[in-house]
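# below are the sequence and a predicted model for it; my questions follow.
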Amino acid sequence: MTAPGVQEDVTGRPPVAERRLHPVTPLRRAWAPVAVLMGWAVHDPDGAQRQLTRLTTTTLLVGLGVLIPAAALYGFLSWWFTHFAVTDSELRVRTGLLFRRTAHIRLERIQAIDVTQPLLARVAGVAKLKLDVIGTDKKDELAFLGAGEARALRAELLARAAGFAPETAHEVGEAPSQRMLRVPPGVLAVSLLLTGATWGWLLVAAVALPLLWTATHSLWTVLAAGVPMLGAAGASSVGRFVAEYDWTLGESPDGLRIDHGLLDRAHETVPPGRVQTVRLVEPLLWRRRGWVRVELDVAGSSNSLLLPVAPRAMAESVVARVLPGVTVPPPEAFSRPPRGARWCVPVWWRGYGLAVTDAVFAARRGLLRRSLSLVPHAKVQSVRLAQGPWQRAHGVADVHVDTGANGTVTARLRPAGEAAALLRAQAERSRTGRRDALPDRWMA
Amino acid sequence: METGSPHDTGTADAQGTPTPDAGAEPAWRALPPGLLTMRRLLLVVWLGLLTLATALVPGLLAGPAWGAFAVLPLALLLWGWVMLERNWRSWRYAERADDLLISRGVLWHEETVVPYGRMQLVEVTSGPVERHFGLASVQLHTAAAATDATIPGLDPAEAERLRDRLTELGEARSAGL
């Protein structure tokens, strides 16, 4: 669709060298009209069939003759009018045909950089690059760049964000990465087989579908109910396996590197000091094997997984690297809610727990599927105490700790007096927790 | 830093009122009475109209006895009259050296602490009704959307003083994410 002649780099105004995206970019929107048609056909099969029988060869040809050049023109123009440039302190993205849009993204505010390659992009040798800054969205990703160009751009952006001199940022190159951990496919497969969601959906399907069949004897009803259920089961097993395959965690001076994916590859870099919350999740069936899943919150980033599965000791050592100076408090360090709390949350009150150390606010919850959230004091944005009438009658209160990644960690059902003291003490800790934090430009 | 340990959890009084450590009690400020007046007036206007409607419509159409339905909104009005004052009394805020405290709610009590260094934006808003009563509210935003730190019904001069002071303190103690 694009003439090969338009590939040469276009240099804009002299001070800032503007660049264009990779010339295969227009193709990425080529499937959109097809998808719309398919969606309509699936949504309304009878109507689609009626329309198909009415179609003659001429109308078909005319339709295609209009649609394809229109789509091609749109793709070409949106590619032609999209430019990006890297300056000393910003990434500038200029885009839009009718509605012009210019985004200046400040590099010292980078929370993470993602380079992703969907399957087709891997075939074509291109990649998407996205800067995670608070407030950026899908429109700000650079899709697509050549795979090598994306890596070079990521290295340059990281070097500039780290505070290297602008003249040398070009030559710094990729920071050496040291592998910390790789999740073996076998372990990942077993861990997903031991996840409740898949079996839950299969069980629901096994019970509901025969019932539906005996009730209605209609194949369409059974299919309409069964396909989403099996789809959900597939997404929580096969889908996750494909996405989390070959999960590799690396450490470099530029921060944490996460690479994963079987078909679609994703490479994420989280610079030091950007992690707001870490969660250790322990599903019931994993407990015997001592496995945990580690999730993390980074402001502005959509990825929330740090490790799909790992032995607990290894996960704790990874947490210690991700949040410097933090050790995961041992189970006996957690204090439980008082006995009165059992009237507020029957049975499950035992699952809640809280431990506060010099570096971290750690709250635990869940009885069957245990989850432990860690917030470094320096990442706390505000602290709230909440108490409803029923909780007051039983002398307990909740303390919420809000982080910049739009997450809230809650220490539930604390004794009321302790909660009030905790509120003040936590505010004090979060204020002073900043003193030994790294600067935004971590190499400066 | 032993706040989370079990041995200092003993003093949970049945009333559940936070017992702040003595000496560190901040200088709480209450809201001016304007907010209470405004809310009560709105309550009287709306529920008064509703009372009239429930008294007149069934009373005229179905007989005078049906007008007794008006007791319901009337009771609601009287109850709301008392509740509004309780709620208004429960609102208070304190500017401490390094953070702002906001405490509110009677049944559902909530207390928020925001360190000045985490403030991203301070907003002063005032709607048409609020302006008529000479009121303005101050809202604090941090990087966390869950932070719900709003002080309603302030005197506009006080709201502006608070805004300027908060931005000044926020600049001095600024820290990002």
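Arrived safely, thanks for sending. Everything numeric in this text was worked out from a predicted model, so none of it was measured.

# where's the residue in the stretch 101-250 of chain A positioned nearest to chain B relative to A:Leu188, distance?
Going by CB to the nearest CB, chain B is nearest to A:Ile134 of the stretch 101-250 of chain A, at 6.8 Å. The C-beta positions use only the backbone N, C-alpha and C, and glycine is treated the same way. A:Ile134 sits 32 Å away from A:Leu188, going by CB to CB, to the nearest Å.

# please apply the same query to B:Ala68.
On the measure of CB to CB, B:Ala68 and A:Leu188 end up 70 Å apart.

# all helices of the stretch 101-250 of chain A, in order?
A:119-124, A:147-162, A:166-172, A:185-193, A:196-216, A:219-234, A:240-244 (DSSP state H, counting those that start in this stretch).

# spit out the contact partners of the residue of the stretch 101-250 of chain A closest to chain B.
When contacts are counted by CB atoms under 8 Å, 6 or more residues apart in numbering or on different chains, A:Ile134 is found next to A:109, A:111, A:299-300, A:404, B:143, B:177.

# let's go with 6 Å and repeat that
Contacts of A:Ile134 were listed using CB atoms under 6 Å, 6 or more residues apart in numbering or on different chains, and they are A:299-300.

# likewise for A:Arg274?
A:Arg274 neighbours (CB under 6 Å, 6+ apart): A:111, A:298.

# stretch A:153-172 near chain B anywhere?
No - figure legend: stretch A:153-172 not in contact with chain B (CB under 6 Å from any CB of the partner chain); closest approach 13.5 Å.

# other residues contacting that stretch?
A:88, A:107-108, A:110, A:113, A:115, A:173-174, A:254, A:441-444.

# list only buried entries from those residues.
A:107-108, A:110, A:113, A:115, A:254, A:442-443 (16 or more other CB atoms under 10 Å in any protein chain shown).

# give me phi/psi at the spatially most central residue of chain B?
Centroid-nearest residue in chain B, with CA atoms, centre = their mean: B:Trp91, separated by 4.7 Å. Here the main-chain torsion angles of B:Trp91 (degrees, to the nearest 10) amount to phi -80, psi 130.

# ditto for A:Val270
According to degrees, to the nearest 10, A:Val270 has phi -110, psi 110.

# and the gap between it and chain B?
In this view, A:Val270 and chain B are 13 Å apart by CB to the nearest CB, to the nearest Å.

# give me every residue in the stretch 151-300 of chain A lying close to chain B.
So the stretch 151-300 of chain A meets chain B at A:Ala299 (CB under 6 Å from any CB).

# need the distance between the two termini of stretch A:136-146.
22 Å (CA to CA, to the nearest Å).

# and that stretch, how far out from the chain middle?
15 Å (CA atoms, centre = their mean, to the nearest Å).

# flag every buried residue along it.
A:136, A:140-146.

# can you lay out those residues as TSV showing distance to A:Gly395 and pLDDT?
Shown next, in TSV, are the buried residues of stretch A:136-146 (distance: CB to CB, whole Å; pLDDT from 0 to 100):
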residue	distance to A:Gly395	pLDDT
A:Thr136	45	76
A:Asp140	49	81
A:Glu141	50	86
A:Leu142	55	89
A:Ala143	55	83
A:Phe144	59	87
A:Leu145	59	92
A:Gly146	63	92
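
# hmm, whatever helix or strand A:Ala355 lives in in reach of chain B?
Following DSSP states H and E, one finds A:Ala355 within strand A:353-356. Yes - if you take CB under 6 Å from any CB as the test, strand A:353-356 does meet chain B, through A:354-356.
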